[in-house]
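Chemist: here is my input; please provide its structure:
(one chain, ligands or ions: 2)
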Amino acid sequence: MSHPIIESLETIIVDLPTIRPHKLAMHTMQNQTLVLLRLRCSDGVEGIGESTTIGGLSYGNESPESIKVNIDAHFAPLLIGQPADNVNAAMQRIERSVRGNTFAKSGIESALLDAQGKRRGLAVSELLGGRLRDSLPVAWTLASGDTARDIAEAEKMLDVRRHRIFKLKIGAGEVNKDLAHVIAIKKAVGERASVRVDVNQAWDEAVALRACRILGDNGIDLVEQPISRYNGVGMARLSASSPVPIMADEAIESVEDAFNLARIGAGTIFALKIAKTGGPRAALRAAAIADAAGIGLYGGTMLEGGIGTLASAQAFVTLPKMAWDTELFGPLLLTEDILANPPVYRDFHLHVPNTPGLGLELDEDRVAFFRRDKTTTAYSHS
Ligand SMILES: O=C(O)C[C@H]1C=CC(=O)O1
Ligand SMILES: [Mn+2]
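Modeler: Ligands and ions are numbered 1, 2, ... in the order given. The predicted structure follows:
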């Protein structure tokens, strides 16, 4: 049997509007930028993938622009002419020649899996060994920067049964003010919701130690990456003393990081992100390490659009347990996406399609309109 061949790999930068500014410790997002990948194969199958980060270079080591240049110049030549139907072989070839660049690798692996699933008539979750469920609970991030607005947003999400887990972005402001903000929101939602905080590395260990005690006394369920991603030992000390579980997020930039952090006890929960480890399969390898170490799993996001979100979800539904659920809400932060069939959110869950590949179809008009190098000036609103 002859193998279909990878004929081309196109990267397109897409800028999408968001429903409101999204305030993180290191950056306030006014919109979101995706890198869309289109992998065309000789059997007529096209795989789509997404490589997305937050705030240019303010969050991770790759920006949308660097992802595009690196894929165009370095990844595409490695892949073109190679068999399209062997994800292991394609990723091994890349791994041999490309250090780091996990965001780019994640988009590529997603596109390869999407193509293979479409070719075989299987959802990506089935290619990954089979799904254990069809939907995932999804947290929402309250990050408007305003306490009253965040409370109103939380109430609305509870009312429409979309989210009952809230993550609060803190760390940009003065600590006591941030703590008051968190406590006010927890008081407002009470037992109706789980409230967690993400500090995005903004504190030092001494501040974190004090803050974690106060957060614990006020019913907060989880503290995410309170201190620098480089301070694994500090994370271990905090994990040992904090009444609230500590989650590692930015500290995990590879599967090997997950192992090293697990080894030193630098967190009782790990945020899995396909972009940080280099693809859906790499995220599952990090999950296996965490699970073996007794570390709880959380399905994280880089606020991807629908493609990256479902690439994550297709992997996460294969896991036996995700004790802390997921935050795969990226598409809901956008006012517009580039898909003909956006992901479905209902009853506090993201429902993961069981159709071939990632289960998504591009809306070509929207791609043409929202791509940075616009090829049309209008698109039809559906
Ligand atoms: O977790 C992060 O640090 C990044 C991201 C995930 C949700 C959100 O609001 O921001
Ligand atoms: Mn985080």
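Chemist: please report the distance of the closest residue to ligand 1 within the chain from Gly190.
Modeler: Residue nearest to ligand 1 within the chain (CB to the nearest ligand atom): Thr141, separated by 3.3 Å. Any C-beta I mention is one placed from the backbone N, CA and C, and that applies to glycine too. Noted for Thr141: a distance of 19 Å to Gly190, by CB to CB, to the nearest Å.
Chemist: those two: which is more packed in?
Modeler: The residue with more neighbours, out of Thr141 and Gly190, is Thr141; 25 against 9, by other CB atoms under 10 Å.
Chemist: give me the three-state assignment for that one.
Modeler: What DSSP: H, G, I helix; E, B strand; the rest coil gives for Thr141 is strand.
Chemist: for it, what are its contacts?
Modeler: His22, Phe166, Lys167, Leu168, Lys169, Asp198, Glu327, Phe329 (CB atoms under 8 Å, 6 or more residues apart in numbering).
Chemist: quick one: contacts for Gly171?
Modeler: Ala25, Asp178, Asp198, Val199, Asn200, Gln201, Ala202, Trp203.
Chemist: quick check: the two most widely separated of these?
Modeler: Asp178 and Gln201 (13.9 Å; CB to CB).
Chemist: what about the residue in the chain positioned nearest to ligand 2, how many neighbours?
Modeler: Closest residue of the chain to ligand 2, CB to the ion: Asp249 (3.7 Å). By the criterion of other CB under 10 Å, Asp249 has 21 neighbours.
Chemist: please apply the same query to Pro21.
Modeler: Residues near Pro21, counting by other CB under 10 Å: 12.
Chemist: so it touches His27, yeah?
Modeler: No: in this structure Pro21 lies outside contact range of His27 using CB atoms under 8 Å: 10.4 Å.
Chemist: so where does Asn341 fall, helix or strand?
Modeler: Here Asn341, judged by DSSP states H and E, is contained in no helix and no strand.
Chemist: before we move on, what SS does Trp203 have?
Modeler: Assignment for Trp203 (three-state DSSP): coil.
Chemist: now it: phi and psi?
Modeler: The phi and psi values for Trp203, taken as degrees, to the nearest 10, are phi -100, psi 160.
Chemist: model confidence for the most centrally placed residue in the chain, exactly?
Modeler: Nearest to the geometric centre of the chain sits Thr301, at 1.8 Å (CA atoms, centre = their mean). For Thr301, the model assigns a pLDDT of 98.
Chemist: do the same with Met1
Modeler: 68.
Chemist: mind listing what's buried along the lengthiest strand in the chain?
Modeler: Longest strand in the chain, counting residues (DSSP state E): strand 6-23. Within strand 6-23, the residues that count as buried by 16 or more other CB atoms under 10 Å are Ile6, Glu7, Leu9, Thr11, Ile12, Ile13, Val14, Leu16, Thr18, His22, Lys23.
Chemist: and the nearest residue to the third one once chain neighbours are set aside, which of the three is it?
Modeler: In this structure, Leu9 finds its nearest non-sequential neighbour in Ala76, 4.3 Å apart by CB to CB, 6 or more residues apart in numbering. Put simply, Ala76 is helix when judged by three-state DSSP.
Chemist: near ligand 1, which residues of this protein?
Modeler: Within the chain, the positions adjacent to ligand 1 are Leu24, Ile54, Thr141, Ala143, Asp198, Asn200, Asp249, Gly300, Thr301, Leu303, Glu327 by CB under 6 Å from any ligand atom.
Chemist: which of those fall within strands?
Modeler: Filtering the residues of the chain next to ligand 1 for strands - DSSP E - leaves Thr141, Asp198.
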